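> how would this look folded up:
(2 chains)
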Amino acid sequence: MARITKEERKQGIINAALQLFSERGFYITTIPDIAQKVGMSVGNFYNYFTSKDILAKELIIYISEYLGQSIREINEEDISTEQKIHKIVSMYFAMAEEKPEMIEYFLRVYLSNREVFADGCEGMICVSPFVTEMMIFFNDGVEKDELHNQDFFSAFGLFMGYLGGMVFLFGEKILPEPLDNYKDSISQNIYNALKTRD
Amino acid sequence: MHSKLETKKPKLLWLQGLTCNGNTHSFLNLNSLDTLLEQFEILYFPAFATDYTYEDILTCKLSCDVLIFEGTYDSTLQRGGILLADVLQHYAKSAKYIIGAGTCASFGGMFAEMNPQNKSGLLFKKGEWVTTFEMYKEKIINLSGCPMHPEWMAYTLQMILHHKTILLDELYRPQELYGYLSHHGCTRNEYFEWKVDAKNFGTKEGCLFYEQGCRGPMTHASCNKILWNEVSSKTRIGTPCLGCTESDFPRTHFFTTKTNMSIPQDIPFDVPKRSYLTMVGIAKTFHIKRLEGKLIDYKTTH
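Below is the predicted model:
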C-alpha cells in the first residue's frame, strides 16, 4: 500500500477543515473535530498547522489560489470578454455546486469572522491571487475596448457581489431552479452592465 | 612626451536639423563647458562664434572627428540653399563619432510627430530602424532627452576624448546613462512603494505615477541620479517625468495616468503585470500615517 505523503495529509486536513468550518462555523469547530475527521491525533495535527487561526488563513489563501488559477486559465484564452464573463460565471457556479465548502468558507467564515483574519490577512493580502486575476480580466476587457472604463471596485463589486448573492440564495435553497439554469442570464446581465457604452 | 590629444585637438562640429535649440541651450548650462570645449577644436556651434562661418561648413570643405547632430532629420531640409542631407553625409564620412543630441535627433521626436513625412532620427523613427545613416551605425551614439542633460553630453565627449569604450543599449544610448530609470533616485520612492498618490502637482509628498502621468518607472534616464542644474529634477519638484528619453516620445496626455478600471495601463519597466498588481493590492492594504499627510506636520510639536 502506498504511503500517504505529508503533502497529501495536509491536503486532507484542508478538505476536512473546509467542510467542518463551512457546515458548523469557525468557532464551534475544534481542532480535535478536524483531527478526528482526518483520522489523525491532535498532536500530529499540530505538526501541520500550529493553530486554528493559522489554518483559517491557509484555507482562504488556498481558496483564493484555486479561484485565481481558474480565472487565470480563462483570462489566457483567446476569446471575447463576453465569453470570458460566461466562463467565469460558469466556473464559479460549478464550484458552488461541486465544492460548496469553498464558497461557503469564503462567505460564512472569511467575510463573517474578520477578527480571525485581522493579523496577517489584512485587506487583500490573503485573497490577492483571486483579486489580481479579476484586475487582469477588467484591464484586458478595457484594453480590448469591450468593457467600459470605470472604477475597479465599482465593476468588481457588481460582478462578484452578484455572484456571491446568487450562491448565497442557492445555499439557502431559495432558488427555484438549479444554479446552472441562471448562468446564461446572469452572464448576460453582467456583460450588459459592464460593456462599453456608445 | 606629449600625448596626441595635446598636440592635435579633435575637431567637433555641431549641426542642426529641425530643432528648437533646446539641446544647444541645455549644453550651455554645463558647469564645466569651458574646460570641456577647450579640449576640442570647435568648427561650428550654433550659440557662439568660431573660426569658421556657417557657409564654410555647408560647402563641405572641412572634415570633423566628432559630429553632433541636434534636431529632427528631414531629408528635404535645406540650409543656405544646400541640402542638409548632403552636408550630413559629407561630415558623417570623416567623423569617428556621430552623436544624436536629444530625442529629435535620436528618434524623430517632436518635429516628426505632427508631420512625419521625410522626418526621422539618425537611426530610428520612433522605435523603428531607418536606413539613411545605417552605414554609420558603428559611429552613432544617441543622447535622447527633450532636451538631453548637459552632463550626458559631457560624459560622452569625455569618454571619446579618453578613448574609452561606450557601451550602448538597443537604441544606441550609453548604458552608463540610460541603464537607469528616472525612477531611480526619485525622492518619492517610498510613496511609490506604498501606493500613496500625490493628488496634486508641486507637492513634496506623494507619488506622481498613479494619477499625474509620471513615466519614471518606465523611462530610461538618469535624471534623478545626475540632477538637473546639479540640484533637482522634474519629479523632485512635483512634476511627472514625461518619458522624454524614450522612442515613443512625445505621447499625449502628459499629466494624466491612463488607467483601465483604475489599473495603470503602463506599468513599471520589465515587471509582469500580474506581479505588479499583486504587489499593489497588498501594499494598498496598509496605511502608513506618516505618508498620508504633510511631512512637516508629522510629529510637529510647536
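> Show me how chain B divides into domains.
For chain B, the structural domains run B:4-176, B:180-290, going by automatic domain parsing.
> between those domains, which one is nearest to chain A?
With CB to the nearest CB as the measure, domain B:180-290 is the member of those nearest chain A (2.7 Å). Placement of C-beta: from N, CA and C, glycine included.
> What separates the first and last residues of that closest one, distance-wise?
29 Å (CA to CA, to the nearest Å).
> Quick one: distance of it to the chain centre.
Distance, stretch centre to chain centre, for domain B:180-290: 17 Å (CA atoms, centre = their mean, to the nearest Å).
> How about that domain and chain A, touching?
Yes: Domain B:180-290 comes into contact with chain A (CB under 8 Å from any CB of the partner chain), by way of B:259-263, B:265, B:273-274, B:277-278, B:281-282, B:284-286.
> What's the per-residue pLDDT of the most centrally placed residue in chain B here?
Nearest to the mean C-alpha position of chain B, counting by CA atoms, centre = their mean, stands residue B:145 at 2.0 Å. At residue B:145, the predicted lDDT confidence score is 98.
> Would you agree it falls within a strand?
No: counting by DSSP: H, G, I helix; E, B strand; the rest coil, residue B:145 is not found in a strand; it is coil.
> Distance to residue A:77 for the domains of chain B - can I get that in JSON lines?
JSON lines is the format used below for those (distance: least, CB to CB, whole Å):
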{"stretch": "domain B:4-176", "distance to residue A:77": "30"}
{"stretch": "domain B:180-290", "distance to residue A:77": "16"}
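> what bits of chain B have low per-residue confidence?
Across chain B, residues meeting the criterion (pLDDT under 70) sit at B:1-7, B:302.
> Please apply the same query to chain A.
A:1-2.
> Can you pull the residues of it lying near chain B?
Counting by CB under 8 Å from any CB, chain A comes close to chain B at A:122-125, A:128-129, A:131-133, A:135-136, A:138-139, A:141-143, A:147, A:149-153, A:155.
> so who does the residue nearest to the centre of chain B touch?
B:23, B:26, B:102-103, B:152, B:221, B:244-245 (CB atoms under 8 Å, 6 or more residues apart in numbering or on different chains).
> Nearest approach to residue A:101 belongs to which of the domains of chain B?
Residue A:101 lies closest to domain B:180-290 among the domains of chain B, at 25.1 Å (CB to CB).
> about what we covered before: if you look at the residues of domain B:180-290 next to chain A, which of them are in helices?
Judged by DSSP state H, the residues of domain B:180-290 next to chain A include B:273-274, B:277-278, B:281-282 as members of helices.
> burial count for residue 38?
Because you didn't say which chain, this covers chain A. Residue A:38 has 20 neighbours, counted by other CB atoms under 10 Å in any protein chain shown.
> not what I meant, chain B
Residues lying near residue B:38 (other CB under 10 Å) number 11.
> Could you do the one 5 residues further on as well?
Residues within reach of residue B:43, counting by other CB under 10 Å, total 22.
> That one touches residue B:10, doesn't it?
No: assessed by CB atoms under 8 Å, residue B:43 is found out of contact with residue B:10, at 10.5 Å.
> check contacts around the spatially closest residue to residue B:119 that is not a sequence neighbour.
Distance criterion CB to CB, 6 or more residues apart in numbering or on different chains; nearest residue to residue B:119, sequence neighbours excluded, is residue B:112 at 3.9 Å. Residues near residue B:112 by CB under 8 Å, 6+ apart: B:72, B:104, B:119-121, B:125-126.
> now the helices for the chain?
In the absence of a named chain, chain A is used. Remark: helices assigned in chain A by DSSP H are A:6-24, A:31-38, A:42-48, A:52-75, A:81-98, A:100-104, A:128-143, A:152-171, A:183-194.
> meant chain B actually
With DSSP H, the ranges of helices along chain B come out as B:4-7, B:22-28, B:33-37, B:54-58, B:84-94, B:103-107, B:109-114, B:150-161, B:175-178, B:189-193, B:273-283.
> Nearest to residue B:230 among the ones you listed would be which one?
Residue B:230 lies closest, by CB to CB, to one member of those: helix B:150-161, at 8.7 Å.
> May I have the closest one as PDB, with CA atoms only?
Extracted C-alpha coordinates of helix B:150-161, given in PDB (Å, rounded to 0.1, in the frame of the first residue of the first chain):
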ATOM      1  CA  PRO B 150      24.200  68.600 -20.500                       C
ATOM      2  CA  GLU B 151      26.200  66.100 -18.300                       C
ATOM      3  CA  TRP B 152      25.200  63.300 -20.600                       C
ATOM      4  CA  MET B 153      26.900  65.100 -23.500                       C
ATOM      5  CA  ALA B 154      29.900  65.900 -21.300                       C
ATOM      6  CA  TYR B 155      30.200  62.200 -20.200                       C
ATOM      7  CA  THR B 156      30.100  61.100 -23.900                       C
ATOM      8  CA  LEU B 157      32.600  63.700 -25.100                       C
ATOM      9  CA  GLN B 158      35.000  62.800 -22.200                       C
ATOM     10  CA  MET B 159      34.700  59.100 -23.000                       C
ATOM     11  CA  ILE B 160      35.600  59.900 -26.600                       C
ATOM     12  CA  LEU B 161      38.500  62.200 -25.600                       C
END
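> Report the distance from it to the chain centre.
Helix B:150-161 has its C-alpha centroid displaced from the chain centroid by 13 Å (CA atoms, centre = their mean).
> Okay, buried residues for that helix please.
Buried residues in helix B:150-161, counting neighbours by 16 or more other CB atoms under 10 Å in any protein chain shown, are found at B:150-157, B:159-160.
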